[in-house]
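Enquirer: coords please:
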Amino acid sequence: MNYQECSTTVWTKWPKRSDKSLYGMDGELILRTKSKKFDLADSAGNWFDGGTLLLRFGIRCRAQTSETWSEDKLRAQESNIRYDLSHDGFNVSIERLKGHGLSCSEEALWQLHIDAD
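Expert: A predicted model of the protein is given here:
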């Protein structure tokens with residue numbers, strides 16, 4: 001896998017050939033998808049009850065690669081997370097839990113605090 005296959009543009013485009021995972025705060029897997037058209041807001045909205053929703057969100061590339069999660073790649077995904085959720089009227093606070101320096105085949109992980117306008 002080369003850089004282009006693990007990179008993304010800054011607006012709502014997930015990395016090619018990637019798994020996107022949602023976890024509860026207890027670490028239990030809620031959802032995992034390979035879809036390149038994954039809609040984070042629609043998926044997270046299934047658990048939103050009007051208060052603040054706390055979830056963990058992870059992304060990893062499925063192919064083995066020597067590329068790592070750089071600061072630019074992580075910020076691009078954080079931009080995607082914000083864009084995806086804000087486009088549907090949610091506010092989100094993002095805390096990066098892991099990713100920097102890891103292989104792109106390992107999961108980068110964020111904690112999301114989501115609420116509505």
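Enquirer: Break down the chain into its helices, ranges please.
Expert: 3-6, 40-45, 71-87 (DSSP state H).
Enquirer: Check which residues of the last one are buried.
Expert: The neighbour-count criterion (16 or more other Cβ atoms under 10 Å) identifies 73, 74, 76, 77, 78, 79, 80, 81, 82, 83, 84, 85 as the buried residues of helix 71-87. Where you see a C-beta, it was placed from the backbone N, CA and C, and this is true even at glycine.
Enquirer: The last one contacts residue 114, correct?
Expert: To tie it back to what came earlier, the one meant is residue 85. Yes: applying Cβ atoms under 8 Å, one finds residue 85 in contact with residue 114, separated by 6.3 Å.
Enquirer: Please enumerate the shared neighbours of the two.
Expert: Residues touching both residue 85 and residue 114 (Cβ atoms under 8 Å, 6 or more residues apart in numbering) are 44, 91, 92.
Enquirer: residues contacting the last one?
Expert: Residues in contact with residue 92, defined by Cβ under 8 Å, 6+ apart, are 81, 82, 85, 86, 112, 113, 114.
Enquirer: what's across from residue 114 in the sheet?
Expert: Beta-bridge pairing for residue 114 (DSSP bridges): residue 53, residue 92.
Enquirer: Just give the number of residues close to residue 101.
Expert: Applying other Cβ atoms under 10 Å, we find 11 residues neighbouring residue 101.
Enquirer: ugh, typo on my part, it should be residue 29
Expert: By the measure other Cβ under 10 Å, the count of residues near residue 29 is 11.
Enquirer: For it, which non-adjacent residue is closest in space?
Expert: Setting aside the residues directly before and after it, residue 29 is nearest to residue 23 in space (Cβ to Cβ, 6 or more residues apart in numbering), at 5.7 Å.
Enquirer: Tell me how far that neighbour lies from residue 57.
Expert: Going from residue 23 to residue 57 by Cβ to Cβ, to the nearest Å gives 8 Å.
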